[in-house]
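**Student:** Predicted model and sequence follow; I will ask about them next.
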Amino acid sequence: MAAATWYLWPVVSGDHGDVAVYGGGTIESSIDLLSYQLHDRGRDVRWAAAGSTWCELAQLDLAVDDADVVVLAPEATGTCDGDPVANTISRLGDDVQVVAVAFGSATTVTSAAEKGSVTVVDPTELLGAQGTNAMPCEWWDNCVGTIVVRGDSGELTPAGNERVARLISAAIG
C-alpha cells in the first residue's frame with residue numbers, strides 16, 4: 001500500500017507534468033534516476049528525447065504548458081546561427097523555472113543564464129572534467145576512497161548517473 005501511495009502521489013496531489021526534461025545523450029542514461037529523485041520530492045517528470053545540441057533544441061517547439069520546471073540538458077552547443085542557448089531559454093517565458101545542465105558547454109550556458117533567471121547545473125562538480133574516470137566518494141556512495149563515475153569510453157557509470165540526477169534534483173528543489 002505504501003509503495004502504491006508513493007508512486008501515485010503526483011497523480012493524487014494534482015501535480016501532473018511538474019518537470020519537463022529536454023535533451024539527448026548523457027541525460028538519457030540518468031533519466032530513470034532523475035525521475036526517482038524528483039518523484040521522491042512529489043514531482044512528476046515528463047521526458048522528451050529532443051536533440052543532443054542547443055541548436056537542435058532551439059528549433060523545437062518545447063511544450064511546457066503544464067510544467068513548473070523545465071530542464072534543458074543537451075550535450076553541446078552545435079553549429080547554427082545566433083545564440084541557440086539564449087533563444088531557447090527566452091522562448092520559455094517567466095512562468096517556469098529553467099534548469100540548464102552544462103554538459104560540455106558550461107561557458108555558453110553560464111553566459112546565457114546571466115541574461116535571465118536560469119539555474120545552471122555543472123556536472124563537473126561531482127563528475128570531474130571530461131576524461132576523469134574516478135572521483136572521491138560522497139556520503140551516499142557505497143565505497144571507500146574513490147568511485148568510478150565514467151567508463152573507459154567516457155560513458156557515465158551508474159554512480160555517475162546518480163550524481164547527475166542528484167545535482168539536477170537539488171537545483172530544482
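**Tutor:** All right, it came through fine.

**Student:** going forward, measure contacts and count neighbours with C-alpha atoms only.
**Tutor:** OK.

**Student:** Can you check the pLDDT for Val109?
**Tutor:** At Val109, the model reports a pLDDT of 68.

**Student:** Now for Gln97: which residues touch it?
**Tutor:** Contacts were defined as Cα atoms under 8 Å, 6 or more residues apart in numbering; by that measure Gln97 touches Asp68, Val69, Val70, Ser117, Val118, Thr119.

**Student:** okay, now the residue nearest to the fourth one when sequence neighbours are not counted: neighbour count?
**Tutor:** Which is Ser117. Once flanking residues are discounted, Ser117 sits nearest to Val98: 7.3 Å by Cα to Cα, 6 or more residues apart in numbering. Residues lying near Val98 (other Cα atoms under 10 Å) number 25.

**Student:** Show me just the buried residues among the contacts of Gln97.
**Tutor:** Asp68, Val69, Val70, Ser117, Val118, Thr119 (16 or more other Cα atoms under 10 Å).

**Student:** Which ones among these map onto helices?
**Tutor:** Among the buried ones among the contacts of Gln97, no member falls in helices (DSSP state H).

**Student:** tell me the least confident of these?
**Tutor:** Lowest pLDDT among these: Ser117, 75.

**Student:** Which SSE is immediately downstream of the least confident helix or strand in the chain by mean pLDDT?
**Tutor:** Least confident helix or strand of the chain, by mean pLDDT, DSSP states H and E, is helix 2-13 with a mean of 58. Using DSSP states H and E, the helix or strand that directly follows helix 2-13 along the chain is strand 19-23.
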